[in-house]
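Engineer: Need coordinates for the below:
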Amino acid sequence: MQDPKEKSQPVSVYDYATDYELCRSVWPFIAATGLPDQSQFVDLASLVRSRMAQLDDALHSWSGITATRSCHDILVETLSWFQDEKADGFGEKLGRGMRCPQPAHEIPSVLMITASLLLTIDVVREFDASRPFSVVVRWPMGKSLREAVAVSFDEYKAPATGPFTSPSSTLKRLNMATLVKSFGYSIRWTDNLKEHLTIKSKQVWIYKHKLLLAALLQTPRNNRTDIIPRPVVEEALDTLNLLFPPGHRKTGKLLKQHSQAFHSLGYCGRRPAATHRPSLQDYPYWGAKLQALLAALDEPPALGVRSMFLRKDKRNLVESVNFWLALLVAVLTVASIVLGVLGVVYAKLSFDVGRESLELTRQQWLLSLAQACAGGEEPQGATQLAGFCSQAT
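Structural biologist: Presented below is the predicted three-dimensional model:
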């Protein structure tokens, strides 16, 4: 029989056997996606543990909490209040729920940490200016979290501008594997949905919790967790399908290099983005960001050997032909220089051989002359032969 004392022990993040169970304690609706590979929950579980650590820091001055209840208990209970409750109404409820004195200045911290985890969006206080508005949701005390998120994304809308003559074929060219391999872009993964597709100096921030987006779309509307506007969730999922197309071999290789497992999730019930949203104007929230990435495809490829090969769309035909012609001329020039040097060396050797051959011919003539003189009756013939032999030795 289980000891009654054990039943009163607070639940900890370490009491969960798998990352999946830990994630379900925060997002119960995630079970609607079935039970994919456990690797899909590694990043989400890591986010939960990180937010738990922040919550523990925020509650360190709340006497009596950590002794009787874990941060996980407090987090799960606080999550159950996020419906249309206004932020300023949480103070009294939070105090009653905690059953202990609480510093008023710590209440907003608990709310922001909890809301940030629930939404996977960084939620801050209304007057917190420490981070740009474009990457956070500011939660005024007089509004519900649902209202604050809706206002934040409405103000964040950045649709693409300009005409697109063949939008469908244009979007089909856009994927992160090409941008990384041929244009020198790099990926920074983020837990913050509002930071998705932020672009700085050829670095692109990508929201990595595709599984959570898919689960949000499969929950009934008006669910208490349906705080992020449905069109935002749909568009975010479509941008991930567009930039990381399922079944694309190079994309799968890229995600494997980055230890991201969401490639196996497929389209998550969505149609291919290039056909479902054939124009950049179909992306009211992230259209401008996609337009900036698409413009990179018209730039010269990043420096390197790969950039010299002819692309499939042949947009770098002139540059590629010029490079290979220049390379051919350079190779021929180097070869001619090498052959010229070898020619000089062989000419010098030939000259030395010719000179030695001429000297040898002279010596043979002198020998023949000395032999001819030695064969005669003149006494000086023997003397000449002896002198020649002494010179030869």
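
Engineer: What are the boundaries of the strands in the stretch 1-150 of the chain?
Structural biologist: 123-125, 137-139 (DSSP state E, counting those that start in this stretch).

Engineer: so which of those is the most packed in?
Structural biologist: Of the strands of the stretch 1-150 of the chain, the one with the most neighbours on average (mean count of other Cβ atoms under 10 Å) is strand 137-139, at a mean of 23. In short, each C-beta sits where N, CA and C put it, glycine included.

Engineer: Listing partners with orientation, what would you give for it?
Structural biologist: strand 123-125 (parallel) (DSSP bridges).

Engineer: Now render the strands of the stretch 1-150 of the chain as a markdown table, adding mean pLDDT and distance to Ala273.
Structural biologist: As requested, the strands of the stretch 1-150 of the chain are exported to a markdown table (pLDDT from 0 to 100; distance: least, Cβ to Cβ, whole Å):
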| stretch | mean pLDDT | distance to Ala273 |
| --- | --- | --- |
| strand 123-125 | 88 | 28 |
| strand 137-139 | 88 | 25 |
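
Engineer: longest single helix anywhere in this structure?
Structural biologist: Longest helix in the chain by number of residues (criterion: DSSP state H): helix 317-374.

Engineer: elements contacting that helix?
Structural biologist: If contacts are counted by 3 or more Cβ pairs under 8 Å, 6 or more residues apart in numbering; DSSP states H and E, helix 317-374 sits against helix 380-392.

Engineer: Any chance of TSV for the strands of the stretch 1-150 of the chain, columns distance to Ser320?
Structural biologist: Output for the strands of the stretch 1-150 of the chain, formatted as TSV (distance: least, Cβ to Cβ, whole Å):
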stretch	distance to Ser320
strand 123-125	49
strand 137-139	47
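
Engineer: Nearest to Leu294, out of those strands?
Structural biologist: Closest approach to Leu294 among those (Cβ to Cβ): strand 137-139, 27.4 Å.

Engineer: what's that closest one in contact with?
Structural biologist: Applying Cβ atoms under 8 Å, 6 or more residues apart in numbering, the external contacts of strand 137-139 come out as 87, 111-112, 115, 119, 121-128, 145, 148-149, 152, 194.

Engineer: ok, which stretches of the stretch 151-300 of the chain are helices?
Structural biologist: Ranges of helices in the stretch 151-300 of the chain, per DSSP state H, counting those that start in this stretch, are 167-172, 176-183, 210-217, 230-243, 249-257, 273-276, 287-296.

Engineer: With mean neighbour count and distance to Ser336 as added columns, please give these in JSON lines.
Structural biologist: As requested, those are exported to JSON lines (neighbours: other Cβ atoms under 10 Å; distance: least, Cβ to Cβ, whole Å):
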{"stretch": "helix 167-172", "mean neighbour count": "16", "distance to Ser336": "46"}
{"stretch": "helix 176-183", "mean neighbour count": "20", "distance to Ser336": "34"}
{"stretch": "helix 210-217", "mean neighbour count": "23", "distance to Ser336": "57"}
{"stretch": "helix 230-243", "mean neighbour count": "21", "distance to Ser336": "49"}
{"stretch": "helix 249-257", "mean neighbour count": "15", "distance to Ser336": "41"}
{"stretch": "helix 273-276", "mean neighbour count": "17", "distance to Ser336": "51"}
{"stretch": "helix 287-296", "mean neighbour count": "18", "distance to Ser336": "40"}
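
Engineer: so which of those gets nearest Met52?
Structural biologist: Closest to Met52 of those, according to Cβ to Cβ: helix 210-217, at 17.3 Å.

Engineer: For the closest residue in space to Leu117 that isn't next to it in sequence, the count of nearby residues, please.
Structural biologist: Once flanking residues are discounted, Leu117 sits nearest to Arg51: 4.1 Å by Cβ to Cβ, 6 or more residues apart in numbering. By other Cβ atoms under 10 Å, the residues close to Arg51 number 21.

Engineer: per-residue confidence averaged over stretch 172-183?
Structural biologist: For stretch 172-183, the mean pLDDT works out to 88.

Engineer: what does stretch 214-229 give?
Structural biologist: 76.

Engineer: Quick check: end-to-end length of it?
Structural biologist: Across its full length, stretch 214-229 reaches 14 Å between end residues, using Cα to Cα, to the nearest Å.

Engineer: Do I have it right that Gly266 meets Phe244?
Structural biologist: No - in this structure, Gly266 is not within contact of Phe244 by Cβ atoms under 8 Å, at 11.0 Å.

Engineer: Looking at those two, which has the bigger crowd around it?
Structural biologist: The neighbour comparison of Gly266 against Phe244 (other Cβ under 10 Å) goes to Phe244, with 21 against 12.

Engineer: Phi and psi next, for that one.
Structural biologist: Main-chain dihedrals, Phe244, degrees, to the nearest 10: phi -130, psi 70.

Engineer: Distance of it relative to Val341?
Structural biologist: Distance, Phe244 to Val341, using Cβ to Cβ, to the nearest Å: 54 Å.

Engineer: quick revisit: would you reformat the helices of the stretch 151-300 of the chain as a markdown table and include distance to Trp324?
Structural biologist: Below are the helices of the stretch 151-300 of the chain laid out as a markdown table (distance: least, Cβ to Cβ, whole Å):
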| stretch | distance to Trp324 |
| --- | --- |
| helix 167-172 | 28 |
| helix 176-183 | 17 |
| helix 210-217 | 41 |
| helix 230-243 | 31 |
| helix 249-257 | 24 |
| helix 273-276 | 32 |
| helix 287-296 | 24 |
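
Engineer: and of those, who's closest to Ser46?
Structural biologist: Counting by Cβ to Cβ, Ser46 lies closest to helix 210-217 out of these; the figure is 13.1 Å.
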